[in-house]
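Peer 1: with the sequence up front, the predicted model follows.
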Amino acid sequence: MLIYVIRRIGLAALMLFGLVCITFTIANVAPSDPAALAAGPDASRSQIEQARRDYGLDKPLPEQFLRYVSDLAQGRFGRSVATGRDVGTDLARYFPATLELCVLAMLTGVLVGLPLGMLSALHKDGPIDHVTRIFAVSGIALPPFWFGLLLQLLIATWLGWLPTSGRLSVVTEPPDPITGLLLLDALLRGQGGIFVEGLTYMILPALVLSFPCLASILRVNRSEMVEALRADYVVSARAHGVTPWRIVAVHALKNAMLPTLAIIGLRWGWMMSSTVLVETVFDWPGIGLYAVSSAISGDFKPVMGVTMIVGVNFMIANLLVDLLYGVLDPRLRSA
Amino acid sequence: MTTLLEIADYRLAFDTFDGTHHVLDGIDLRLDAGETLGVVGETGCGKSVLARSLLQLNPSPPARVVSGAIRFRGEDLLRLEEAALRRLRGRAIAMVFQDPASYLNPLLAVATQMEDAIRGQDSAAGGRPRPRRAARALAAELLSAVGLPEPQRLLASHPHQLSGGMRQRVLIAMALAGEPALLVADEPTTALDVTVQAQVLALIDGLVRARGLALMLISHDLGVVSASCARVAVMYAGTVVEEAPTPELIARPLHPYAQGLIAAVPDLGRPEAKPRGMPGSIPSLLHPPSGCRFHPRCPLASERCRVEKPLRRTLLPGRSVACHHATP
Ligand SMILES: Nc1ncnc2c1ncn2[C@@H]1O[C@H](COP(=O)(O)OP(=O)(O)OP(=O)(O)O)[C@@H](O)[C@H]1O
Ligand SMILES: [Mg+2]
């Protein structure tokens, strides 16, 4: 098991390095000139050159790369050329909002997707299965921004059941940050009213974010459960008198969980990156919105920072999935 | 002797996309308590489907009972509710399967699988399941009973850590958990190494004798069956074509298919003669041949065989044959 864990962690580290290389390359092939942006629209040539030196953009690429890596290793993401603010500080402010949204969306995806997947497998080709199939296909097929606008229009604007956008109403004072996660902070500070208000703001974006994730968890879990339920080991478990619920909930589900876990890990990363669309639609102050507004002004350090955060999330999720695989599957542990 | 199991005119079809497969076509078999019956036949003739039918384990749909009855101690299994069937599974009829690698759950420890079986049988019987610890103690006992050393270590291991022979012994131990009256063994040695095959067969033999179990041993190999079973039923394309005491069948098969089967085995029958293969191949069960299902391959086939399905008739005491042309 130890060797397995070490190997997985090593692989994740390698992926991290690859990610660093990619973000650096992308930033350097982007057409905009960051020095010109930093110096402002009316800057003279010499002012631009000055800015170039200030930001270290005049150094040869390999040197810039080394600095980039060593900065990242110390948690420094550089400074935004548009606002002059430290990107690391910005990320620390915006990331909790995104994390909170993604956690809620993922919880919804898993807690609804898994049982529905199992239920559809147990009633394969029955009415429940057909309904969940239509539901899941639309979840995978609907573009998130379009679905988001639709919900916004229907539930927020027309029906007025939930707020349209933002994280809290402008007149509400957010709780003093402890974790930066608004719902958690409100609970920790005992501010139930703010918790409820925060939740109402979160429901629509979380729903939009979780829909494709829920749909693919449902479909994968369903087909894996169908497969597992007709496996030979289920036939023998039935023949030996194992109780039906135990066959479904343990003997079959454990086997079906392996691929389902893999999809959950992948979806976590996808979800983080689709916050770019969803946060824009719902004006949610997270890293997605931050990335979009920075990209519009050609400000590449924040975009690189967000890319790193999303990539690291991808990797951590996949590392966790790999480790869970090891826990679930004895064959991997002894390999 | 009391009749334990009686299969009467049992027909089972599978409804699939390409049509209805008439897999079992009027099976009649009887088994007394403590009796041993072998079932032999080519691949695809419906042996496993028949074995699974005894515990109603064929997936339905696609499986559909067309007619007949399967009576166990006089009670028709085909009319039982799922809950009643669960009382039988493992405790009245137990099963050993062909490929021990795929019939054990790869992700669960041996202990978990055995405890689940033991405790599931407890609750099917209407009682509270015994504690895991007690179930585990019984599991260890059963593993010793099938000749596995160090049962505690074995219980803690997972299937991939065991050899094929050990896995099959674990499955046999599980089958004994509910002290069944009938053991159905569906090609229990086919997936094993030749050296292990004999050991596993000897084990089954010994257990059946020691515990007075009835045994239905399924195999495509007449040699396997002849050592353990007093009687043999020969199956062809979903029908039993001949049933006889084992030595008599080997010495003088009466059905042309049984004759071909025995001629195809090298060391049975006449050792001086070379084994002969049988011409033709297994018929389609989607469009089975009319009349006698064997007629396209039969050297004796006549017009009557093409149109009229032969009923099995008793030609000699204890011997019955489904053939228009067979003579005692
Ligand atoms: N679930 C199923 N759906 C459709 N057809 C099935 C199903 N199970 C079995 N059959 C069909 O039933 C027929 C008999 O299969 P069975 O497994 O009983 O053969 P067998 O005699 O055990 O052969 P083998 O020696 O290869 O084990 C085959 O034609 C098979 O295609
Ligand atoms: Mg078979």
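Peer 2: Ah, there it is. Computed from a prediction, not measured in an experiment: that's the story for all the values here. Ligands and ions are numbered 1, 2, ... in the order given.
Peer 1: contact partners of stretch A:112-122?
Peer 2: Residues outside stretch A:112-122 that contact it (Cβ atoms under 8 Å, 6 or more residues apart in numbering or on different chains): A:128-129, A:132-133, A:213-223, A:225-226, A:229, A:248, A:253, A:256, A:260. The C-beta positions use only the backbone N, C-alpha and C, and glycine is treated the same way.
Peer 1: among these, which ones lie close to ligand 1?
Peer 2: Applying Cβ under 6 Å from any ligand atom, the subset of those adjacent to ligand 1 is empty.
Peer 1: just the ones in helices from those, please.
Peer 2: Using DSSP state H, the members of those that fall in helices are A:128-129, A:132-133, A:213-223, A:225-226, A:229, A:253, A:256, A:260.
Peer 1: just want the most central residue of the chain.
Peer 2: You didn't pick a chain, so chain A it is. Geometric centre of chain A, nearest residue: A:M272, 2.3 Å, by Cα atoms, centre = their mean.
Peer 1: hmm, no, I was thinking of chain B.
Peer 2: Short answer for chain B (Cα atoms, centre = their mean): B:I218, at 3.8 Å.
Peer 1: what are the pairing partners of the helix or strand in which that residue is found, and which direction each?
Peer 2: Using DSSP states H and E, B:I218 sits within strand B:214-219. In the sheet, strand B:214-219 lines up against strand B:36-40 (parallel), strand B:182-186 (parallel) (DSSP bridges).
Peer 1: which other residues reach the first one?
Peer 2: Applying Cβ under 8 Å, 6+ apart, the external contacts of strand B:36-40 come out as B:29, B:31, B:47, B:50-51, B:208, B:214-222, B:224-226, B:228-235, B:246, B:261.
Peer 1: which of the residues you listed fall within strands?
Peer 2: Taking DSSP state E as the definition of strands, the contacts of strand B:36-40 contribute B:29, B:31, B:214-219, B:231-235.
Peer 1: now render the residues you listed as a markdown table, adding pLDDT and distance to A:M1.
Peer 2: Listed next are the ones in strands among the contacts of strand B:36-40 as a markdown table, based on pLDDT from 0 to 100; distance: Cβ to Cβ, whole Å:
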| residue | pLDDT | distance to A:M1 |
| --- | --- | --- |
| B:L29 | 92 | 50 |
| B:L31 | 92 | 49 |
| B:A214 | 93 | 46 |
| B:L215 | 94 | 42 |
| B:M216 | 95 | 43 |
| B:L217 | 94 | 42 |
| B:I218 | 94 | 41 |
| B:S219 | 91 | 41 |
| B:R231 | 93 | 52 |
| B:V232 | 94 | 50 |
| B:A233 | 93 | 50 |
| B:V234 | 93 | 52 |
| B:M235 | 93 | 48 |
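Peer 1: and the furthest pair within these?
Peer 2: B:A214 and B:V234 (19.3 Å; Cβ to Cβ).
Peer 1: compare those two (neighbour count), which wins?
Peer 2: The neighbour comparison of B:A214 against B:V234 (other Cβ atoms under 10 Å in any protein chain shown) goes to B:V234, with 28 against 21.
Peer 1: CA atoms of the helix or strand containing B:E115 as PDB?
Peer 2: Assessed by DSSP H and E, B:E115 sits inside helix B:110-124. C-alpha atoms of helix B:110-124 as PDB (Å, rounded to 0.1, in the frame of the first residue of the first chain):
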ATOM      1  CA  VAL B 110     -13.400 -14.100   2.200                       C
ATOM      2  CA  ALA B 111     -14.700 -13.500   5.800                       C
ATOM      3  CA  THR B 112     -17.200 -10.900   4.700                       C
ATOM      4  CA  GLN B 113     -18.500 -13.000   1.900                       C
ATOM      5  CA  MET B 114     -18.900 -16.100   4.100                       C
ATOM      6  CA  GLU B 115     -20.400 -14.100   7.000                       C
ATOM      7  CA  ASP B 116     -22.900 -12.400   4.700                       C
ATOM      8  CA  ALA B 117     -24.000 -15.800   3.400                       C
ATOM      9  CA  ILE B 118     -24.400 -17.300   6.800                       C
ATOM     10  CA  ARG B 119     -26.200 -14.300   8.300                       C
ATOM     11  CA  GLY B 120     -28.300 -13.900   5.200                       C
ATOM     12  CA  GLN B 121     -29.500 -17.500   5.600                       C
ATOM     13  CA  ASP B 122     -30.300 -16.800   9.300                       C
ATOM     14  CA  SER B 123     -32.500 -13.800   8.400                       C
ATOM     15  CA  ALA B 124     -34.100 -15.700   5.500                       C
END
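Peer 1: and it, how far out from the chain's middle?
Peer 2: Here the centre of helix B:110-124 is set off from its chain's centre by 23 Å, with Cα atoms, centre = their mean, to the nearest Å.
Peer 1: close to chain A, is it?
Peer 2: Yes. Using Cβ under 8 Å from any Cβ of the partner chain, helix B:110-124 reaches chain A at B:T112, B:Q113, B:D116, B:A117, B:R119, B:G120, B:Q121, B:S123, B:A124.
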